[in-house]
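> how would this look folded up:
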Amino acid sequence: MSVCRANLIWRQRKQCLHERAPASTARWLFDRASLTARIMAACKGQFRVRVLSVKRGLPRLDEALALRMRERNQALVRQVLLYCNDQPWVYARTVIPLTSLRGPLRGLTRLGNKPLGAVLFANRTMRRSVIEVTKLVSQHPCYPAMQNHGNETIWGRRSVFHLHSQPLLVSEFFLPGIK
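Numbering: from 1, shown residues only. Down below sits the predicted model:
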């Protein structure tokens with residue numbers, strides 16, 4: 001499992017209009033609905049989550065800034081692949097400050113291969129920040145973490161979610177196999 005410590009450059013939609021994602025990816029990037037539900041519907045039940053890792057550690061600087069975390073504070077970092085019909089469609093990375101894992105959010109440490117999206121969108125207290133996007137070219141140091149073996153550009157998005165007023169950051173990268 002490749003770990004990337006390099007920061008990514010994230011932009012809001014209005015800041016990246018000059019760069020166009022391929023149509024197959026663009027329709028996923030700014031959709032604020034549940035990505036999990038959308039993939040499940042597209043896959044007609046052939047959806048699964050493969051957990052790559054779940055561990056405590058320091059978030060990247062860009063992640064800590066998005067979460068307004070103090071420097072050197074640890075988080076739980078969960079990395080997964082979302083599959084449709086045995087094809088990886090999305091690499092997802094969730095960063096949850098350890099301070100968010102108290103009280104009602106303790107269960108997030110025990111998701112296993114359950115999709116986080118199902119938990120987020122079922123929670124009535126959930127609030128979502130603006131969606132930011134980035135793109136990775138194959139030369140970027142974070143590219144190997146996406147588990148893609150080609151050299152295509154990979155587009156990603158991220159949002160800070162608040163559950164019970166506690167933040168967590170979800171980054172989703174749309175792999176070339178997504179339809």
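> and residue 124, helix, strand or coil?
Three-state assignment for residue 124 (DSSP: H, G, I helix; E, B strand; the rest coil): coil.
> elements contacting the one helix or strand residue 155 maps to?
For residue 155, the element it lies in under DSSP states H and E is strand 154-163. Other elements packing on strand 154-163 under the criterion 3 or more CB pairs under 8 Å, 6 or more residues apart in numbering; DSSP states H and E are helix 23-29, helix 61-67, strand 127-128, strand 132-136, strand 166-174. C-beta: built from backbone N, CA, C; applies to glycine.
> Ranking the ones you listed by mean neighbour count, which comes first?
Stretch with highest mean neighbour count among those: strand 166-174 (a mean of 22; mean count of other CB atoms under 10 Å).
> List the neighbouring strands of the helix or strand containing residue 82 plus their orientation.
Following DSSP H and E, one finds residue 82 within strand 75-84. The strands beside strand 75-84 in its sheet (DSSP bridges) come out as strand 47-57 (antiparallel), strand 87-97 (antiparallel).
> In the protein, where is pLDDT below threshold?
Along the chain, the model assigns pLDDT under 70 to residues 1-5, 13-19.
> Between the helices and strands packed on strand 154-163, which one is closest to residue 115.
strand 166-174 (11.1 Å; CB to CB).
> what angle sits between that closest one and strand 132-136?
Compare the direction of strand 166-174 with that of strand 132-136 by axes from the mean of the first three to the mean of the last three CA atoms, to 10 degrees and you get 40 degrees.
> what helices or strands is strand 166-174 leaning on?
The contact analysis (3+ CB pairs under 8 Å, 6+ apart) places strand 166-174 against helix 23-29, helix 61-67, strand 87-97, strand 154-163.
> CA atoms only: put that strand into CSV for me.
Taking C-alpha atoms only, strand 166-174 is exported to CSV below (Å, rounded to 0.1, in the frame of the first residue of the first chain):
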residue,chain,number,x,y,z
GLN,A,166,-17.8,16.8,14.5
PRO,A,167,-15.7,17.1,11.3
LEU,A,168,-14.4,14.4,9.0
LEU,A,169,-12.8,14.8,5.6
VAL,A,170,-13.8,12.5,2.7
SER,A,171,-11.7,12.5,-0.5
GLU,A,172,-12.9,10.5,-3.5
PHE,A,173,-10.8,9.8,-6.6
PHE,A,174,-12.6,8.6,-9.8
